[in-house]
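Enquirer: Just the structure for this:
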Amino acid sequence: MVETTAEIVLFDGFDELDAIGPYEVFENAAQFGASLETFLVTLEETDLVTASHDLRVEPQGTLGEPDILLVPGGGWTTPTEGARAAVEDGVLPDAVDNCYTEGATVASVCTGAMILAEAGLLEGRPAATHPVAVDDLEAHAGRVVDERVVDDGDVLTAGGVTSGIDLALWLVEREFGADIATEVAELMVHERRGEVFG
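Expert: Numbers count the residues shown, from 1 in each chain. Predicted structure coming up:
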């Protein structure tokens, strides 16, 4: 039986690499022995989700009760798409807050931090986001740090787009051990960057 479930929640306008990079890390970790199952999910049933660069992704189900919930960013500078639209709509932040309340570890990549902020999860916490959203995050949540990955226990954030790979590798290391994280990084030919803040 799989011990840990991770769900990556997709929405129209999400940034492809924010979600797919961590997905690949988690899937590779499972191949190396991590008791981890990963799903790409949406809030409501849908056949396809269109990402920020027009990649169309078929989700694997709807949001359940994951142990780890990862929220990508994307589209913060476009008023009607991506993370900004999700924040203004309010449904996804509420769902994120509910998962957190039910005990999930919640992580964001890039401007996904703005969704966590809207959910009320970043008050008084150190957090990272993409440079385009730093001012907004400071106004909304307080303490923005210029770090690639920030681990504040049950809430984690990562800076720019590619930092999602480092975030996912850190989660693998934290939950399943450094050996598995190292094997995954070597398989993906990824040189981990920066120390984890927190």
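Enquirer: Can you get me the start-to-end distance on stretch 71-78?
Expert: 18 Å (Cα to Cα, to the nearest Å).
Enquirer: what's the distance between the longest helix anywhere in the chain and the middle of its chain?
Expert: Determined from DSSP state H, the single longest helix within the chain is helix 16-31. Remark: helix 16-31 is offset 11 Å from the chain centroid, using Cα atoms, centre = their mean, to the nearest Å.
Enquirer: quick one, strands of this structure?
Expert: With DSSP state E as the criterion, the chain has strands at 4-9, 36-41, 49-50, 56-57, 68-71, 105-109, 149-151, 155-158.
Enquirer: Tabulate these in CSV, adding columns for mean neighbour count.
Expert: The C-beta positions use only the backbone N, C-alpha and C, and glycine is treated the same way. Shown next, in CSV, are those (neighbours: other Cβ atoms under 10 Å):
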stretch, mean neighbour count
strand 4-9, 24
strand 36-41, 20
strand 49-50, 18
strand 56-57, 13
strand 68-71, 28
strand 105-109, 28
strand 149-151, 25
strand 155-158, 30
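Enquirer: among those, which is nearest Ala127?
Expert: Nearest of the strands of the chain to Ala127, taken as Cβ to Cβ: strand 155-158 at 4.4 Å.
Enquirer: Identify the neighbouring strands of that closest one in the sheet and state each direction.
Expert: Applying DSSP bridges to the sheet, strand 155-158 is found paired with strand 105-109 (parallel), strand 149-151 (antiparallel).
Enquirer: Now do the least confident helix or strand in the chain by mean pLDDT: everything it contacts.
Expert: Using mean pLDDT, DSSP states H and E, the weakest-scoring helix or strand in the chain turns out to be helix 134-141, at a mean of 90. Contacts with helix 134-141, where a contact means Cβ atoms under 8 Å, 6 or more residues apart in numbering, come from 76, 113-114, 117-118, 122-123, 125, 127, 129, 144.
Enquirer: ok, of those, which come out buried?
Expert: Among the contacts of helix 134-141, those classed as buried by 16 or more other Cβ atoms under 10 Å are 76, 113-114, 117-118, 122, 125, 127, 129, 144.
Enquirer: ok, which pair from those residues is furthest apart?
Expert: Pairwise distances among those were taken by Cβ to Cβ; the largest, 19.4 Å, belongs to Trp76 and Arg125.
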